[in-house]
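Peer 1: any chance you can model this:
(3 chains)
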Amino acid sequence: MPELPEVETTRRGIEPHVKGKRVTDVIVRQRQLRWPIPKNLKRLLVGQVVSSVERRAKYLLLTTKAGTAIVHLGMSGSLRVVNKKSMPELHDHVDIVLSSAKALRLRDPRRFGALLWVKGDPMQHALLKGIGPEPLDDVFDAEYLYRKSRGRRVSVKQFIMNSHIVAGVGNIYASEALFLAGINPVRQAGRVSRARYVKLVGAIKHVLTKAIKFGGTTLRDFTHEDGKPGYFANELNVYGRQAEPCPQCGTAIKLRVQGQRATYYCALCQAG
DNA sequence: AATCGCGCCTGACGGC
DNA sequence: TGCCGTCAGGCGCGAT
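Peer 2: Model (predicted):
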């Protein structure tokens, strides 16, 4: 499941192959992703030079003079740099063919991803406009999170997964950060102390930074631009480890569902 | 304004 | 073996 570290890993992987290259063709094999891929994408993109490859939240932004392609990897998406002559496989929905020998290939078995186009400032696009600060940005600090959380009755886990509060924290890293901070995931966001938000912000930054260093977490579909997996799955303390011993205290890791999503936690270490 | 639940989609898995 | 139901989950959206 691509979360921020996986998208950032992808961005870093594709950037050297894409930036400064001209788009020579766009091949769409499956248009029906979360939203349909614009029918005129090929006309818009062909001939354009990709001037930058950026990330905002879990969105990738391929910017040209004419506009920006917005890519979301959804649940199962990956972007690979392939030889432009290599045969597409099942679920390889789009090739963005480049002026080099390469093509950027979007694979997305579950098709929860998206490939959209925006003219002008991409940050003004409806999908990006309301998104909260980047978690690795300095403006994302304990004071911000504390202030935003006052009066909120949702669980602290759902609170930090709200992209309007902070960008890019998904289900895996929310569980991991709450474990590192020793916070009970079901506690109401508005009832978490300032001191605990200091710990939580530190934990979020730490786990995301570390996951990027490991090239992200590959559980099933996610791969790097070269098709290789990320290795952070080995570093996960609680996610997916129901009934395994807590790495801190040995108590069995628990699983519960919050907002229709699995939360993994240690009831002893995260009593607070 | 905040919160809740739905639905998009495929592949893996368990039960029979 | 094979079929079928269930689950996984990011996240926008509509309803409350």
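Peer 1: close to DNA strand B: what parts of the stretch 101-250 of chain A are there?
Peer 2: Proximity of the stretch 101-250 of chain A to DNA strand B, by CB under 7 Å from any atom of the strand, involves residues A:Pro109, A:Arg110, A:Arg111, A:Phe112, A:Gly151, A:Arg152, A:Arg153, A:Val154, A:Gln158, A:Phe159, A:Ala189, A:Arg220. For the C-beta atoms, the positions are set from N, CA and C on the backbone; glycine is no exception.
Peer 1: doesn't the fifth one lie inside a strand?
Peer 2: No: when the secondary structure is assigned by DSSP: H, G, I helix; E, B strand; the rest coil, A:Gly151 falls in coil instead of a strand.
Peer 1: now do the contacts for it.
Peer 2: If a contact means CB atoms under 8 Å, 6 or more residues apart in numbering, then A:Gly151 has A:Gly190 as its contacts.
Peer 1: next one: the second one
Peer 2: With contacts defined as CB under 8 Å, 6+ apart, A:Arg110 is in contact with A:Gly74, A:Met75, A:Ser76, A:Asp221.
Peer 1: returning to that earlier point: need the worst-confidence member of the residues of the stretch 101-250 of chain A next to DNA strand B.
Peer 2: Per-residue confidence over those reaches its minimum at A:Arg220, where pLDDT is 67.
Peer 1: any idea of the pLDDT on the closest residue to A:Val169 other than its chain neighbours?
Peer 2: Using CB to CB, 6 or more residues apart in numbering and skipping residues adjacent in sequence, the residue nearest A:Val169 is A:Ile160, 5.2 Å away. A:Ile160 carries a pLDDT score of 94 in this model.
Peer 1: my guess is A:Ile160 contacts A:Gly170. True?
Peer 2: No: the pair A:Ile160 and A:Gly170 fails to qualify as a contact (CB atoms under 8 Å) at a distance of 9.9 Å.
Peer 1: so which residues on chain A come close to DNA strand C?
Peer 2: A:1, A:3, A:34, A:57-58, A:72, A:74-76, A:110, A:112, A:126-127, A:161, A:163, A:168, A:170-172, A:257, A:260-262.
Peer 1: where does the nearest residue to A:Ser155 once chain neighbours are set aside sit, in terms of helix or strand?
Peer 2: Distances taken as CB to CB, 6+ apart place A:Val186 nearest to A:Ser155, at 5.0 Å, with adjacent residues excluded. When secondary structure is defined by DSSP states H and E, A:Val186 falls outside every helix and strand.
Peer 1: if anything else comes up later, I'll come back, but that's it for now.
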